[in-house]
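Engineer: Give me the fold of what follows.
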Amino acid sequence: MTDSIPAEAHDRLLARLGELEDQQALRTLMLRAWRALDLKDWDSWISCWSEDAVFEFEPWGTLRGREAVLERVREAEAGYPAMQHHILNMYFEVTGDRARGYGYMWFLAVQHAERPDDHFAMGGPYAWIYRRGADGWRLTEQRLGVSWTRGQAESMVPRH
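Structural biologist: Down below sits the predicted model:
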């Protein structure tokens with residue numbers, strides 16, 4: 001057994017480790033953000049987004065800019081006394097200081113605190129784009145589709 005790793009193998013190992021660290025950082029960013037969303041911790045949630053954020057959601061259309069995203073999501077989720085955003089099957093592709101991610105949403109929201117069995121549910125595919133800056137990874141774009149729903153939700157109605 002040798003005491004040193006050949007330079008080429010060492011470089012490949014460092015590259016693989018860096019990619020795994022980036023993927024874990026992206027997963028952590030998403031889990032931290034969506035937990036903050038469920039807690040309605042708006043400052044923590046929006047801090048995970050870049051200033052030039054783009055948010056596409058089929059029922060709402062496209063929102064541009066972090067403040068527009070925050071305003072619309074806060075408004076849409078204000079009436080829910082409890083909610084859970086599940087992010088399933090997350091997958092990330094990292095290329096330098098840019099990354100793409102894919103996953104699925106399963107959203108559940110209690111609409112009336114006294115009737116938790118009367119809830120709204122929705123699911124669909126996510127696609128994300130990220131950028132790494134001096135303060136770490138930030139979400140720059142999110143596209144969210146709706147594949148299915150259960151129940152009715154006022155927040156799903158497009159604004160005119």
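
Engineer: Now do the same contact list for the residue nearest the centre of the chain.
Structural biologist: Closest to where the C-alpha atoms of the chain average out (CA atoms, centre = their mean) is Met30, at 4.8 Å. Met30 makes contacts with Cys48, Ile87, Met90, Gly101, Gly103, Trp128, Leu139, as judged by CB atoms under 8 Å, 6 or more residues apart in numbering. (Glycine included, C-beta is placed from N, CA and C.)

Engineer: at 7 Å instead, please
Structural biologist: Ile87, Met90 (CB atoms under 7 Å, 6 or more residues apart in numbering).

Engineer: Check for me that Ala109 belongs to a strand.
Structural biologist: Yes: using DSSP: H, G, I helix; E, B strand; the rest coil, the assignment for Ala109 is a strand.

Engineer: re the thing from before, now do the SS call for the residue nearest to the centre of the chain.
Structural biologist: Assignment for Met30 (three-state DSSP): helix.

Engineer: For Trp137, see how far away it is.
Structural biologist: Met30 sits at a distance of 10 Å from Trp137 (criterion: CB to CB, to the nearest Å).

Engineer: any low-confidence regions in the protein?
Structural biologist: For the chain, applying pLDDT under 70 flags the ranges 1-3, 154-160.

Engineer: switch to 80 and redo it
Structural biologist: By pLDDT under 80, the low-scoring segments of the chain are 1-3, 152-160.
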